[in-house]
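J.: predicted model and sequence follow; I will ask about them next.
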Amino acid sequence: GTTIRIGIAGYGNLGRGVQSAIAKNPDMELVGVYTRRDPATLSLPGGASAFHMDELVKHTNDIDVLILCGGSKSDLPEQTPALAALFNTVDSFDTHAKIPEHFAAVDAPATTAGKTALISAGWDPGMFSINRVYGEALLPDGETYTFWGRGLSQGHSDAVRRVPGVAAGVQYTIPSTEAIAKVRAGDRPTLSTREKHVRECFVVLEDGADAEVVKTAIVTMEHYFDQYETTVNFIDAATLASEHSSMPHGGFVFRSGNTSDSHAQVIEYSLTLQSNPEFTSSVLVAYARAVHKMNQAGQIGAKTVFDVAPGLLSPKSPEQLRAEML
Ligand SMILES: NC(=O)C1=CN([C@@H]2O[C@H](COP(=O)(O)OP(=O)(O)OC[C@H]3O[C@@H](n4cnc5c(N)ncnc54)[C@H](OP(=O)(O)O)[C@@H]3O)[C@@H](O)[C@H]2O)C=CC1
Ligand SMILES: N[C@@H](C[C@H]1CC(C(=O)O)=NO1)C(=O)O
């Protein structure tokens with residue numbers, strides 16, 4: 001059939017990852033990359049076209065699904081509601097506490113425009129969210145645990161980079177090995193947020209910025225760092241480039257429960273990622289396929305991954321999937 005025409009809004013780690021992911025999906029094509037910067041400054045591989053974000057409004061007939069690759073801290077809260085009025089969209093909004101608010105802000109314009117807007121796709125929120133729902137639904141008598149890392153959180157790194165006085169930075173999430181051991185031993189421990197992970201930031205300051213002011217702004221940041229023991233290390237740009245340019249991550253969702261007094265059951269879903277952004281982008285692209293189908297079926301407004309039937313993610317028809325259910 002015809003290819004699905006994809007636009008990329010925002011060209012950072014995710015934007016580059018979506019470009020790679022499209023190349024792995026023969027039923028998709030990249031129409032263009034849209035940026036708030038000067039498009040001429042983007043070096044796009046493969047001859048892809050770069051446009052300024054302001055051009056998007058002229059391209060509504062050229063794009064089936066627009067994948068939003070901005071940052072959750074401050075880009076997506078304004079970009080997704082605005083662009084969901086013009087396009088079918090997919091975003092990776094991951095400020096968990098604000099997902100209901102983001103959903104409402106996106107649902108109104110998308111519904112009015114007859115568009116389909118999937119929010120908070122990715123792995124957490126996203127694939128881990130789905131596996132937490134599976135675990136709780138399949139094993140109602142049980143406990144769910146989520147651990148991330150050790151790895152680079154893009155949401156937290158984006159949030160660090162938005163702090164005034166920060167020129168560049170990354171954030172690593174480090175899980176508690178003793179907490180994981182207790183979970184794996186079947187102790188079903190009650191663990192506070194602070195007992196499960198610590199966060200470690202590496203920051204390059206802008207000239208003249210006050211290190212103590214920046215550190216305080218990071219460690220007290222609501223929804224990102226205030227509930228965790230967080231350390232902030234100040235380094236120079238050369239060290240950041242040489243020691244912190246790869247973005248591995250991963251983690252797992254664990255559900256341990258009892259189906260009877262005599263039978264304990266365990267479900268585990270895990271990810272080991274050499275590139276957090278490339279994996280996340282692969283999820284966004286698969287969900288773009290589903291959003292395209294959902295819009296064609298008249299399913300409009302804001303959606304989350306909970307609303308998407310798994311078969312819609314596949315390029316195969318329902319008949320093919322049934323034939324291959326082995
Ligand atoms: N749900 C999930 O599982 C996951 C969600 N995420 C989300 O993805 C979001 C984006 O992550 P990521 O792509 O790493 O963020 P980046 O910081 O790489 O990019 C964010 C935006 O910043 C702008 N930008 C990028 N590079 C530069 C630069 N050199 N100079 C100036 N501006 C730049 C781009 O916008 P423009 O081109 O318009 O300038 C881009 O869209 C995160 O905030 C996180 O919330 C990430 C991973 C997993
Ligand atoms: N959204 C996360 C994906 C995972 C990683 C994470 C963390 O390290 O806190 N939480 O969720 C990201 O931006 O990388």
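T.: Good, I have the coordinates. Ligands and ions are numbered 1, 2, ... in the order given.

J.: C-alpha from now on. contacts and neighbour counts both.
T.: Fine.

J.: near Leu313, how many other residues are there?
T.: 17 (other CA atoms under 10 Å).

J.: pretty sure it sits against Ala286.
T.: Yes - taking CA atoms under 8 Å as the contact criterion, Leu313 and Ala286 are neighbours in contact, 5.3 Å apart.

J.: what is in contact with these two at once?
T.: Listed as contacting both Leu313 and Ala286 by CA atoms under 8 Å, 6 or more residues apart in numbering is no residue at all.

J.: and the helices in the protein, which stretches?
T.: With DSSP state H, the ranges of helices along the chain come out as 13-23, 76-83, 99-113, 127-138, 154-161, 177-184, 193-196, 211-219, 237-243, 276-296, 318-323.

J.: switch those over to a markdown table; also include mean neighbour count, distance to Thr144 and mean pLDDT.
T.: As requested, these are exported to a markdown table (neighbours: other CA atoms under 10 Å; distance: least, CA to CA, whole Å; pLDDT from 0 to 100):
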| stretch | mean neighbour count | distance to Thr144 | mean pLDDT |
| --- | --- | --- | --- |
| helix 13-23 | 21 | 29 | 98 |
| helix 76-83 | 20 | 29 | 98 |
| helix 99-113 | 18 | 20 | 98 |
| helix 127-138 | 18 | 7 | 98 |
| helix 154-161 | 22 | 23 | 98 |
| helix 177-184 | 14 | 9 | 96 |
| helix 193-196 | 14 | 13 | 98 |
| helix 211-219 | 17 | 27 | 98 |
| helix 237-243 | 12 | 34 | 98 |
| helix 276-296 | 23 | 22 | 98 |
| helix 318-323 | 10 | 30 | 97 |
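
J.: CSV for those, including distance to Asp38?
T.: Converted to CSV, these look like this (distance: least, CA to CA, whole Å):
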stretch, distance to Asp38
helix 13-23, 15
helix 76-83, 18
helix 99-113, 27
helix 127-138, 34
helix 154-161, 20
helix 177-184, 45
helix 193-196, 41
helix 211-219, 29
helix 237-243, 23
helix 276-296, 23
helix 318-323, 43
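
J.: Val308: which of the ones you listed is closest?
T.: Proximity to Val308 (CA to CA) singles out helix 276-296 among the helices of the chain, at 7.2 Å.

J.: residues touching the closest one, excluding its own?
T.: Applying CA under 8 Å, 6+ apart, the contact partners of helix 276-296 are 4, 13-18, 20-22, 64-65, 67, 88-92, 115-118, 121-123, 152-154, 247-250, 273, 300, 308, 312-315.

J.: which residues of the chain lie near ligand 2?
T.: Those residues of the chain that sit near ligand 2, judged by CA under 6 Å from any ligand atom, are 94, 123-124, 148, 153-155, 173.
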